[in-house]
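In: Test case, fold it:
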Amino acid sequence: MRLWTRRRLLLSTASAASTAALTATASAPAHALTGKPPAPDDAIVRRLGSLPGVRIVEERPSTEPGHRLFVLGLRQPVDHTDPSAGTFEQRLTLLHTSTERPTV
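Out: Next up, the predicted model:
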């Protein structure tokens, strides 16, 4: 994979994860993905669950108070120029501190 493709992919992933205005339907409810029922005001789980191609693999306990640690799966094409080449799932972690702070 070319360097510019990786950079563009990482930038688009970061911007998609931090954009609150994304509206997409999730393939399963967020509580079905995390294995526990969501809190009534669990907006971050709903937002992550609504991102296209993203699934919440698990939520781990964070060592920092007030932070949440998510393991996410991001479905991506193997070759962006050849859709028939298939897809793979990239694993990434997200340490969520606040919706008022930027994603870096």
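
In: which element follows the helix or strand of the chain with the lowest mean pLDDT toward the C-terminus?
Out: Sorting the helices and strands of the chain by mean pLDDT, DSSP states H and E puts helix 30-34 at the bottom, at a mean of 48. Per DSSP states H and E, helix 30-34 leads on to helix 43-50 as the next helix or strand towards the C-terminus.

In: List the buried residues in that following helix.
Out: Neighbour-count burial for helix 43-50, counted by 16 or more other Cβ atoms under 10 Å, picks out 44-45, 47-49. Any C-beta I mention is one placed from the backbone N, CA and C, and that applies to glycine too.

In: How about stretch 97-104?
Out: Result for stretch 97-104 [16+ other Cβ under 10 Å]: no buried residues.

In: Alpha carbons of that stretch, in CSV - could you do that?
Out: The C-alpha coordinates for stretch 97-104 follow below in CSV (Å, rounded to 0.1, in the frame of the first residue of the first chain):
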residue,chain,number,x,y,z
THR,A,97,-12.0,11.3,27.1
SER,A,98,-14.7,13.7,26.0
THR,A,99,-16.9,14.6,23.1
GLU,A,100,-15.7,18.2,23.6
ARG,A,101,-12.1,17.3,22.9
PRO,A,102,-10.5,16.5,19.5
THR,A,103,-9.6,13.0,18.2
VAL,A,104,-5.8,12.7,17.8
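
In: Can we start the residue count at 12 from this point?
Out: Got it, first residue is 12 now, which makes that one stretch 108-115.

In: model confidence over that stretch, on average?
Out: Average pLDDT, stretch 108-115: 82.

In: residues touching residue 104, list them.
Out: 80-83 (Cβ atoms under 8 Å, 6 or more residues apart in numbering).
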